[in-house]
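S.K.: What follows is a predicted structure for the sequence shown.
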Amino acid sequence: MSYPQLTDAPGARATAAAIRAKHLSAAEAVDEAITRIEQRNGAINALAVPNFEAARTRARLLDEAGPREDQPLFGVPMTIKESFDVAGLPTTFGHRAHKDDIALRDAALVQRLQAAGAIIIGKTNVPPDLTDWQSTNPVYGRTCNPHDPGRSPGGSSGGSAAAVASGMVPCDFGTDIGGSVRVPAHFCGVWGHKTTWGLISKAGHDSPAQSRAPGFVAAHDGVLSIAGPLARNAADLAVLTEIGAQHPLIRRAKPLKACRLLAITHHPVSPLDASVAEPTEAALAALAQAGIMIDRASDRLPDLAWQHAAYLRMMNIAMARGAPAPSGKRASATDWFDLLDAQAEAIARWDALFAHYDYVLAPPAPVLAMPHRDDAVFRGMLTINGAEEPGGNALAWAGLATFPNLPATVLPIGAGNYLGSPLPCGMQVIGPQWSDLDCIAAAEAIGIILHG
């Protein structure tokens with residue numbers, strides 16, 4: 001199957017270029033985006049919190065001032081995940097109790113995007129506490145996949161991916177600890193990038209249950225979790241990543257044909273559904289035919305079952321902030337230091353792997369967009385090749401890059417048929433720490449081979 005696209009609307013860089021060339025103004029770009037949202041959001045419900053009037057005011061001010069050289073996103077209307085603070089807008093993390101909690105200041109990333117000329121026209125939908133591969137909550141309702149409204153757009157950045165895929169906006173920023181940027185990109189057929197941990201500040205991305213408490217100061221980013229962009233092309237991902245980056249990134253510009261790749265298509269914890277395996281194998285075959293060197297196994301890989309167990313435990317402790325597990329047991333300080341040791345070992349093993357390979361290719365998830373369901377994916381079962389598998393095991397594919405703090409770019413590679421519906425399929429391109437721009441460039445080169 002070919003890669004199903006929903007829109008040919010211009011991306012972020014193209015929009016900025018059109019504004020600089022005076023083909024349209026920032027105010028016109030914002031009005032056009034608002035019109036698209038009003039026409040399309042009703043059926044998709046990607047936009048949770050509109051920011052239209054403030055966006056129009058900012059667009060007029062930008063038009064009056066004119067573009068600067070340091071504003072690559074000048075006049076570009078975009079959205080951002082609901083969990084980022086935008087001054088004057090609520091941040092709920094999907095909870096009714098916080099629907100009237102208004103942010104007093106912009107998150108650090110919002111400040112960087114606005115300094116680069118972007119205009120935040122709203123915030124996109126999430127699941128409660130950002131803990132599902134769906135995006136539905138009691139405050140804003142359910143977000144639907146633009147390719148099939150009966151399916152999930154993914155989560156927790158599902159509203160972000162749905163807004164980009166449907167053409168409402170050219171780009172968005174989400175967060176990812178369990179595939180929350182990569183899985184929505186995979187489900188919705190767009191590009192997404194999981195950044196190296198620590199590259200982009202998440203200051204101003206805090207649960208309102210904690211951040212509204214008297215005297216709260218966010219002193220550090222939580223382990224594993226990152227902020228990462230979603231867009232409809234690789235060049236926009238690169239620009240967004242550079243804007244958000246707290247540290248300089250260097251691109252090697254090594255051609256793909258000079259690279260050695262490792263493909264992971266089997267995981268001891270999570271089988272791949274045929275709807276993912278078939279387009280993945282077709283993409284790998286096309287790359288091999290184009291002369292790309294791809295190994296299918298390596299003894300340099302860490303024990304993936306061991307890594308997944310450690311990753312899942314670290315993520316659960318971090319997201320619960322040390323609260324007791326459902327069993328009633330609370331992790332001790334020794335447990336936590338043991339996990340930090342395991343993470344350091346995983347990082348060292350992946351470093352050794354990347355001394356031999358340039359990139360690792362793998363699916364972002366074992367299934368395509370699943371039908372809507374009432375229970376959270378990780379608390380139930382997933383249908384894989386006709387059998388029921390624990391939903392939590394599906395996190396194994398996201399955890400490949402998350403636990404060792406690696407960057408990973410998801411690109412659309414084609415389509416498969418999952419449970420009776422043709423849907424997009426993505427692939428993640430994983431690289432060494434801080435090789436974010438290289439991962440994006442490699443994904444772009446792969447996309448050119450696959451789609452021309």
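M.R.: Yes, it's here.

S.K.: use CA for all of it now, contacts and neighbours both
M.R.: Will do.

S.K.: who does the helix or strand containing residue 48 pair up with?
M.R.: Per DSSP states H and E: residue 48 is located in strand 47-50. Paired strands of strand 47-50, with direction, are strand 119-124 (antiparallel) (DSSP bridges).

S.K.: Off-centre distance for the very next helix or strand once past the partner strand?
M.R.: Helices and strands here follow DSSP H and E; after strand 119-124, the next one along the chain is strand 136-137. How far strand 136-137 lies from its chain's middle: 18 Å, per CA atoms, centre = their mean, to the nearest Å.

S.K.: ok, now stretch 375-388?
M.R.: Here stretch 375-388 is found 22 Å from its chain centre; the criterion is CA atoms, centre = their mean.

S.K.: List of residues touching it?
M.R.: 131-134, 271-274, 366-367, 389-393 (CA atoms under 8 Å, 6 or more residues apart in numbering).

S.K.: ok, residue 261 touching residue 297?
M.R.: No. In this structure, residue 261 is not within contact of residue 297 by CA atoms under 8 Å, at 10.3 Å.

S.K.: Looking at the two now, which is surrounded by more residues?
M.R.: Using other CA atoms under 10 Å, the more surrounded residue of residue 261 and residue 297 is residue 261, with 23 against 12.

S.K.: what sits against the more buried one?
M.R.: Each residue near residue 261 by CA under 8 Å, 6+ apart is listed here: 292-295, 357-361.

S.K.: Next, it: secondary structure please.
M.R.: What DSSP: H, G, I helix; E, B strand; the rest coil gives for residue 261 is strand.

S.K.: so what's it bridging to?
M.R.: residue 294, residue 359.

S.K.: ok, back up a step: which SSE is immediately downstream of the strand holding residue 48?
M.R.: Stepping forward along the backbone from strand 47-50, the first helix or strand reached (DSSP H and E) is helix 52-65.

S.K.: one step back: which residues are in contact with the strand holding residue 48?
M.R.: For strand 47-50, contacts defined as CA under 8 Å, 6+ apart pick out 37, 41, 82, 89-90, 121-125, 140, 159, 163.

S.K.: Determine how far it lies from the middle of the whole chain.
M.R.: Mean-position distance between strand 47-50 and its chain equals 18 Å (CA atoms, centre = their mean).

S.K.: mean confidence for that strand?
M.R.: Average pLDDT, strand 47-50: 98.

S.K.: Drop anything exposed from the contacts of strand 47-50.
M.R.: The neighbour-count test (16 or more other CA atoms under 10 Å) marks 37, 41, 82, 89-90, 121-125, 140, 159, 163 as buried among the contacts of strand 47-50.

S.K.: I figured residue 429 hits residue 357, correct?
M.R.: No. The criterion here is CA under 8 Å, and residue 429 misses it with residue 357 at 12.0 Å.

S.K.: what about those two, which has more around it?
M.R.: Remark: of residue 429 and residue 357, residue 429 carries more neighbours, 30 against 21, as counted by other CA under 10 Å.

S.K.: Beyond the helix or strand hosting the more buried one, next helix or strand please.
M.R.: Assessed by DSSP H and E, residue 429 sits inside strand 421-430. Counting by DSSP H and E, the next helix or strand C-terminal to strand 421-430 is helix 436-451.

S.K.: As a check, name the ranges of all strands in the stretch 251-400 of the chain.
M.R.: Counting by DSSP state E, counting those that start in this stretch, the stretch 251-400 of the chain has strands at residues 260-263, 293-295, 359-362, 381-384, 387-390.

S.K.: Could I get the buried residue list for the shortest one?
M.R.: Along strand 293-295, the positions that meet the burial threshold by neighbour count (16+ other CA under 10 Å) are 293-294.

S.K.: what residues does that strand touch?
M.R.: For strand 293-295, the surrounding residues in contact (CA under 8 Å, 6+ apart) are 257, 259-263, 284, 288.

S.K.: Would you mind checking the residues you listed for buried ones?
M.R.: By neighbour count, with 16+ other CA under 10 Å, those hold 260-263, 284 as buried.

S.K.: Take these and write them to TSV, including pLDDT and distance to residue 147.
M.R.: Converted to TSV, the buried ones among the contacts of strand 293-295 look like this (pLDDT from 0 to 100; distance: CA to CA, whole Å):
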residue	pLDDT	distance to residue 147
260	98	34
261	98	31
262	98	31
263	98	28
284	98	24
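
S.K.: and of those, the nearest to residue 99?
M.R.: Closest to residue 99 out of those is residue 263 (44.0 Å), distances taken as CA to CA.

S.K.: contacting residues around that closest one?
M.R.: Residues near residue 263 by CA under 8 Å, 6+ apart: 294-297, 360-362.

S.K.: Before I go, just wanted to say thanks for your time.
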